[in-house]
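Q: pasted the sequence and its predicted model underneath.
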Amino acid sequence: SPDDDAFEDVEVIEELLTQVYQFSRLYWKSLRQQNVPITIKYPEMVAQIAPRFENGVPEDAKDTLWFL
């Protein structure tokens, strides 16, 4: 557990932010990091496969983050 002052240390904050960014690049389909964060990659993948579905998106799913 970090000291109470740890979150006031700029180096600690920068290291934590770096780790969060690196985790955001992890990808379930590969061990290699992606060149874009998964928060962009996954919606991109959904957009590519969505036109292949025969039925449209149900009305109640249009305003929901159903793909998460």
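A: Looks like it arrived, so ask away. Since we're looking at a predicted model, the values are computed, not measured.
Q: start to end distance for stretch 48-64?
A: Taking Cα to Cα, to the nearest Å, stretch 48-64 runs 19 Å from one end to the other.
Q: mind listing the helices for this structure?
A: 10-24, 38-49 (DSSP state H).
Q: a markdown table for these, including distance to Pro58?
A: For every residue, glycine as well, the C-beta is placed using N, CA and C. A markdown table is the format used below for these (distance: least, Cβ to Cβ, whole Å):
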| stretch | distance to Pro58 |
| --- | --- |
| helix 10-24 | 29 |
| helix 38-49 | 15 |
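Q: can you redo these as a markdown table with mean neighbour count and mean pLDDT?
A: Below are the helices of the chain laid out as a markdown table (neighbours: other Cβ atoms under 10 Å; pLDDT from 0 to 100):
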| stretch | mean neighbour count | mean pLDDT |
| --- | --- | --- |
| helix 10-24 | 11 | 84 |
| helix 38-49 | 12 | 81 |
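Q: now Glu59: how far from Pro43?
A: 20 Å (Cβ to Cβ, to the nearest Å).
Q: re the thing from before, of all the helices of the chain, which one comes closest to Leu65?
A: Distance to Leu65, taken as Cβ to Cβ, is lowest for helix 38-49 among these, at 9.9 Å.
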